[in-house]
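Q: This is a predicted model, with the sequence first.
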Amino acid sequence: MIVSPVRARLVVALFAGAASIAGFGDWAAFYVPLAAFAVLVWLWLRARSAHEAAWLGFAFGAALFLGGVSWVYVSLHDFGLMPAPLAALATVVFCAFLALYPAAVGYLQARVGGTAALRALVLVPGLWTLAEWLRGWIFTGFPWLALGYSQLDSPLAGYAPISGVFGVSFMTAVAAGCIALAVRREGPAWLPVGLLVVVAAAGFALAQIGWTTPRGDLVSVALLQGNIPQSLKFVPGRYQSTLATYARLAESTDARLVVMPETAIPRFLEAVDPEYLERLRRRAAAVDGDVLVGVPMRDTRGRYYNAVVSIGASPRQAYAKDHLVPFGEFIPPGFGWVLTILKIPLSDFSAGGAQQQPLVVAGQRVAVNVCYEDAFGEEIIRQLPEATLLANVSNVAWFGDSLAPAQHLRISRMRALETGRPMLRATNTGVTAIVDAQGKVLARLPQFTEGVLSGKIQGRTGATPYVLAGNYLPVLISLICIGVGILAARRKQV
């Protein structure tokens, strides 16, 4: 059977998208998504029409997202109790929607046209980066699997403190464009290869800059991983056992700062036995420290929040999650019927507000974020440069033994690198980890085990360029590239 060139290119795009997943897990093969994206650019340059380019982008995105975020099915079916066929359909529809972004990039770069170099080095990087930024904003945003996350262990990571993950995505797209042009051999191969070397060398040089400075003494920390099965977390008969687990883990360490996972205590704060809270307070006060407890809390108007509360030597403070997950933590207007299908406890939280301040605990100023919030770099920097540490509390048990925990760890590493701050990750089932200000994992616990991760970290002060400017720089550069690409293409047509 003879396969048409168009179908062959679509198959190659599917394989390239699927291969890209290798850059977002524990195996961290940064060169695989770089090469895969270069293949996509090469395919776009060979496409005979804008519509074919759109289908190539869709095929790449469909394979990437269906493989990379397949854990959506786990949360919907295994723990949300949605019927399997409906959960599978919802996952496919969601991933197909995400694939529309690379499809749009493919269509637009072909529609604008221009030389191969203009498209590969200017239009595609600009359009791809803008599409990723939009994906992280539209419908409350889903910036998961942004291309820049795949480059945490490559020289291109050096751009993160300047322009964030989207800036790294831009430079990755430029590097991939260089590879695609070198393979095409339409001109001197040394030109794109030389540019690739310059891009990588500049990233490596930027990584040597100390954007922030140490503040104060080392502080001892302990991150608790209770390993409470999600299926049992909200079972009333399991409540006392959960409390006992976390009390035992907290009392097994003399660390000054102890961090529990998201909703470690699965009951509203005012309903928790005061004696239990006093027990935690005494343990923390004995070392002039504090415990950060993940616990839902309710205000006088009946609104409830996914919160982290400090207990210990410092005055009690709280952080309430602001960026909520649609359907998991709040129901968008008009979708109340979803509650008849999904069985998710506490699925109508209120947002905590964007102007919350770092928690002053254990001699540090800790910028707390809850689970999914650390996927949004521009929201994390709201508490900077005042904060000296970052702390993420998560309950990734919602996604079972899937790709999600490893992907989430990479997201946390990027936030540390962007801000020049250590990141503490306390999770229920993993990956619990201590990440330094360069985005490197200093220590971690095995997944699906109960334990305490102890270490000493250094708070830091100062502001990286990304902390000061946020996503404005990569978005502005992307818009300029798109504008330049359109003008250059039109000038050539005239």
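A: Received it, and whenever you're ready, just let me know what you need.
Q: where in the stretch 101-250 of the chain is pLDDT low?
A: 187, 231 (pLDDT under 70).
Q: Which parts of it are strands?
A: Applying DSSP state E, counting those that start in this stretch to the stretch 101-250 of the chain gives strands spanning 213-225.
Q: Going by residue numbers, what spans are helices in it?
A: Ranges of helices in the stretch 101-250 of the chain, per DSSP state H, counting those that start in this stretch, are 116-118, 124-135, 160-184, 190-206, 230-233, 239-251.
Q: Output these as a markdown table; include the columns distance to residue 401.
A: Backbone N, C-alpha and C define where each C-beta goes, glycine included. Below are the helices of the stretch 101-250 of the chain laid out as a markdown table (distance: least, C-beta to C-beta, whole Å):
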| stretch | distance to residue 401 |
| --- | --- |
| helix 116-118 | 44 |
| helix 124-135 | 26 |
| helix 160-184 | 26 |
| helix 190-206 | 34 |
| helix 230-233 | 11 |
| helix 239-251 | 20 |
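Q: List the residues that contact the closest residue to residue 162 other than its chain neighbours.
A: Once flanking residues are discounted, residue 162 sits nearest to residue 465: 4.6 Å by C-beta to C-beta, 6 or more residues apart in numbering. Counting by C-beta atoms under 8 Å, 6 or more residues apart in numbering, residue 465 makes contact with 161-163, 211, 473.
Q: Tabulate the helices of the stretch 101-250 of the chain in TSV, adding columns for mean neighbour count and distance to residue 429.
A: Shown next, in TSV, are the helices of the stretch 101-250 of the chain (neighbours: other C-beta atoms under 10 Å; distance: least, C-beta to C-beta, whole Å):
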stretch	mean neighbour count	distance to residue 429
helix 116-118	18	47
helix 124-135	25	27
helix 160-184	26	25
helix 190-206	15	34
helix 230-233	16	8
helix 239-251	16	13
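Q: of all the ones you listed, which lies closest to residue 278?
A: helix 239-251 (11.3 Å; C-beta to C-beta).
Q: Centre of the chain to that closest one, how far?
A: 29 Å (C-alpha atoms, centre = their mean, to the nearest Å).
Q: Just the CA atoms of it, as CSV, please.
A: Presented in CSV, the C-alpha positions along helix 239-251 are these (Å, rounded to 0.1, in the frame of the first residue of the first chain):
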residue,chain,number,x,y,z
TYR,A,239,-9.9,10.8,60.1
GLN,A,240,-8.3,9.9,63.5
SER,A,241,-5.7,7.7,61.8
THR,A,242,-4.7,10.6,59.4
LEU,A,243,-4.3,13.0,62.4
ALA,A,244,-2.2,10.5,64.2
THR,A,245,0.0,9.9,61.2
TYR,A,246,0.9,13.6,60.7
ALA,A,247,1.3,14.2,64.5
ARG,A,248,3.8,11.3,64.7
LEU,A,249,5.7,12.5,61.6
ALA,A,250,5.8,16.1,62.9
GLU,A,251,7.1,14.9,66.3
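Q: could you give the angle of that helix to strand 213-225?
A: Interaxial angle, helix 239-251 versus strand 213-225 (axes from the mean of the first three to the mean of the last three C-alpha atoms, to 10 degrees): 140 degrees.
Q: which residues touch helix 239-251?
A: With contact meaning C-beta under 8 Å, 6+ apart, helix 239-251 is reached by 222, 224, 226, 228, 233, 258, 260, 264-267, 273, 276, 279-280, 283, 291, 450-452.
Q: From residue 6, how far out is the nearest residue to residue 103 once chain neighbours are set aside?
A: Distances taken as C-beta to C-beta, 6+ apart place residue 58 nearest to residue 103, at 3.8 Å, with adjacent residues excluded. In this view, residue 58 and residue 6 are 13 Å apart by C-beta to C-beta, to the nearest Å.
Q: Pick out whichever of these two has more residues nearby.
A: residue 58 (23 against 14; other C-beta atoms under 10 Å).
Q: Residue 360 looks like it's in a helix, true?
A: No: counting by DSSP: H, G, I helix; E, B strand; the rest coil, residue 360 is not found in a helix; it is strand.
Q: residue contacts, it?
A: 314, 317, 366.
Q: let's go with 7 Å and repeat that
A: Each residue near residue 360 by C-beta atoms under 7 Å, 6 or more residues apart in numbering is listed here: 314, 317.
Q: before we move on, the earlier item: please report the distance of the residue nearest to residue 162 from residue 478.
A: 17 Å.
Q: same check, this time on residue 33
A: Remark: distance between residue 33 and residue 478 (C-beta to C-beta) = 19 Å.
Q: and if you look at residue 121?
A: From residue 121 over to residue 478 (counting by C-beta to C-beta), the distance is 13 Å.
Q: can you check residue 369 too?
A: From residue 369 over to residue 478 (counting by C-beta to C-beta), the distance is 26 Å.
Q: now swap in residue 23 and tell me
A: On the measure of C-beta to C-beta, residue 23 and residue 478 end up 21 Å apart.
Q: Out of the two, name the residue with the larger neighbour count.
A: Using other C-beta under 10 Å as the criterion, residue 23 and residue 478 rank with residue 23 on top: 28 against 25.
Q: Please name the nearest non-neighbouring residue to the more buried one.
A: Nearest to residue 23 is residue 150, by C-beta to C-beta, 6+ apart, at 3.1 Å.
Q: residues touching the one you found, list them.
A: 23-24, 30, 33.
Q: out of those residues, who's nearest residue 438?
A: Nearest to residue 438 out of these is residue 30 (C-beta to C-beta; 15.6 Å).
Q: That closest one reaches residue 23, doesn't it?
A: Yes: if you go by C-beta atoms under 7 Å, residue 30 and residue 23 touch, sitting 5.6 Å apart.
Q: just the strands in the stretch 251-400 of the chain please.
A: Secondary structure of the stretch 251-400 of the chain (DSSP E, counting those that start in this stretch): strands located at 257-259, 290-298, 304-312, 318-320, 359-361, 364-370, 389-394.
Q: What lies in contact with the first one?
A: With contacts defined as C-beta under 7 Å, 6+ apart, strand 257-259 is touched by 219, 221-224, 250, 284, 289-292, 361-362, 364, 391, 393, 424, 426.
Q: Select only the buried ones of those in PyMOL?
A: In PyMOL syntax, the buried subset of the contacts of strand 257-259 is picked out as below (16 or more other C-beta atoms under 10 Å):
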select buried, resi 219+221+222+223+224+250+284+289+290+291+292+361+362+364+391+393+424+426
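Q: before we move on, back to that, put together TSV for the contacts of residue 465, with distance to residue 296 on each row.
A: Formatted as TSV, the contacts of residue 465 follow (distance: C-beta to C-beta, whole Å):
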residue	distance to residue 296
161	35
162	38
163	36
211	36
473	37
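Q: wait, which of those residues is closest to residue 71?
A: The closest of the contacts of residue 465 to residue 71 turns out to be residue 163 (C-beta to C-beta; 28.5 Å).
Q: Correct me if wrong: the closest one contacts residue 466.
A: Yes: in this structure, residue 163 is within contact of residue 466 by C-beta under 7 Å, at 6.3 Å.
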